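> Provided below for reference: sequence and predicted model.
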Amino acid sequence: MTKKIILDLDTGIDDALALAYALGSEELELIGVTGTYGNVLVETGVRNSLAILELFGRPDIPVFAGVPHASTKEGFEVLEISEFIHGKNGVGEAELPEPTAQVQDTSAVDFLIESVRTHGDDLIICPTGPSTTIAAAIEKDPSFAENAHIVMMAGGLTVPGNVSPVAEANVNQDPEATNTLFAKAQDVTMIGLDVTLQTLLTYEETKKWRELGTTGGNFLADATDYYIKAYDTTAPHLGGCGLHDPLAVGVAVDPSLVELFDTNLKVDLEGELRGRVIGDETRLNDKTKTAHVALGVDTERFLEEFMRRLTNLAAQTPQA
Ligand code: BDR
Ligand code: CA
């Protein structure tokens, strides 16, 4: 039985790897990609998603544009740190083909709402960027929050943030939106820095993609080498790059990759703690726990699955 999935991406490098993981997983049917801002502008992310789908021979998968900036802000500009980590084009200046498909006319918000109505429990929504578009779907249709099954890359509960001592990058872009998601969505699995910084990739693995000599292998290697190099500067103690977004897709395929802690979450919105994910004290004694936070991960098994799926996928693209 395949599971249907929608990826909500701010298509930078690890989002691209998450997309490749979904395409390389026969357990998943990717029914659409929605595009948010974050690592890049919405239009850049959407274009990257279309081009990556083209590269891997899946231009049939529809791509929808999401909300372009946080509701508390007038607009959005890419942060310097995002550009440093993901490059100007979002994929480490790696080359991508010209997409033949166009972005859909339907908005990402309407596509998400309609998909949950149609597919219910058969569908997983996997956001790997700021929560703005998902929060907009929650506000527009209460049945979305009630019925959506969300596996998201965001936050961190037991470790410091990666853009401030308390905030992780996706939550930091729109803390109000992630707070709405935690307050209203009834089934959220949070794959945060607690586990994504335990799944690291090095040049040793990207070499295997380059050795394939295919267009897909070269793209994965070029983009990921750029990302590893950025990590060498920003977090040299890790000795590799964090596979944040692919781990969320990995858990969507196989939840047994992580150990989950059930709780109710909130995001701090004020002062120095703005952007921090923490247990919601007002719901501490609620029997229902709507959030499931990954605190442990089977690193070895995930890395094996990751390499197997992406290498097989890249091997099927034409020789460069
Ligand atoms: C998250 O922030 C983005 O830069 C990455 O794509 C990932 O989704 C990690 O904090
Ligand atoms: Ca992302």
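Nice, thanks for sending it over. Numbers count the residues shown, from 1 in each chain. Ligands and ions are numbered 1, 2, ... in the order given.
> show me where the protein has its strands.
Ranges of strands in the chain, per DSSP state E, are 3-9, 28-35, 63-65, 123-127, 150-153, 188-191, 200-201, 241-242, 258-263, 265-267, 277-279, 291-297.
> show me the one of those strands that comes nearest G90.
Closest to G90 of those, according to CB to CB: strand 3-9, at 10.0 Å. Backbone N, C-alpha and C define where each C-beta goes, glycine included.
> what parts of the stretch 1-150 of the chain come near ligand 1?
Residues of the stretch 1-150 of the chain found near ligand 1 (CB under 6 Å from any ligand atom) are 12, 14-15, 39, 128-129.
> dump the residue contacts of the closest residue in space to L273 that isn't next to it in sequence.
Nearest non-adjacent residue to L273, counting by CB to CB, 6 or more residues apart in numbering: V166, 5.6 Å away. Going by CB atoms under 8 Å, 6 or more residues apart in numbering, V166 touches 160, 268, 272-276.
> excluding chain neighbours, what is closest to L303?
Nearest one to L303, counting by CB to CB, 6+ apart, is T199 at 6.5 Å.
> is R47 in contact with P99, as I believe?
Yes. The criterion here is CB atoms under 8 Å, and R47 meets it with P99 at 6.9 Å.
> the longest helix along the chain near ligand 1 anywhere?
When the chain is parsed with DSSP state H, its longest helix is helix 215-234. No. Helix 215-234 stays out of contact with ligand 1 when judged by CB under 6 Å from any ligand atom, the minimum separation being 9.4 Å.
> might you list the low-confidence residue ranges for the stretch 201-320 of the chain?
Nowhere does the stretch 201-320 of the chain drop to pLDDT under 70.
> closest residue of it to ligand 2?
At 4.8 Å from ligand 2, D245 is the closest residue in the stretch 201-320 of the chain, using CB to the ion.
> isn't that residue right up against D15?
Yes. D245 lies in contact with D15 (CB under 8 Å); the separation is 5.0 Å.
> intersection of neighbour lists for the two?
9, 128.
> could you check which of these two has the larger neighbour count?
The neighbour count for D245 versus D15, taken as other CB atoms under 10 Å, is higher for D15 (34 against 31).
> show the contacting residues for the closest residue in space to T128 that isn't next to it in sequence.
Distances taken as CB to CB, 6+ apart put D245 closest to T128, at 3.8 Å, once the chain neighbours are dropped. Applying CB under 8 Å, 6+ apart to D245 gives the contacts 9, 14-15, 17-18, 128, 153.
> nearest to A291 among the residues you listed?
Looking across the contacts of D245 and measuring by CB to CB, the closest to A291 is M153, at 13.9 Å.
> that closest one touches N170, doesn't it?
Yes. M153 is within contact range of N170, at 6.5 Å (criterion: CB under 8 Å).
> return every residue with contacts to both of these two.
127-128.
> A145 contacts D187, correct?
No. Counting by CB under 8 Å, A145 does not reach D187; the two are 9.5 Å apart.
> E29 pairs with what?
For E29, the beta-bridge partners are K4 (DSSP bridges).
> gap between it and L50?
As for E29, its distance to L50 is 19 Å (criterion: CB to CB, to the nearest Å).
> what about the two, which has more around it?
Ranked by neighbour count (other CB under 10 Å), E29 and L50 place L50 first, with 25 against 15.
> what does this protein have sitting close to ligand 2?
10, 15, 128-129, 245 (CB under 5 Å from the ion).
> make CSV from these and add distance to E74 to it.
What follows is the residues of the chain next to ligand 2, written out as CSV (distance: CB to CB, whole Å):
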residue, distance to E74
D10, 19
D15, 25
T128, 25
G129, 19
D245, 27
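> chain center to stretch 112-123, what's the gap?
Here the centre of stretch 112-123 is set off from its chain's centre by 19 Å, with CA atoms, centre = their mean, to the nearest Å.
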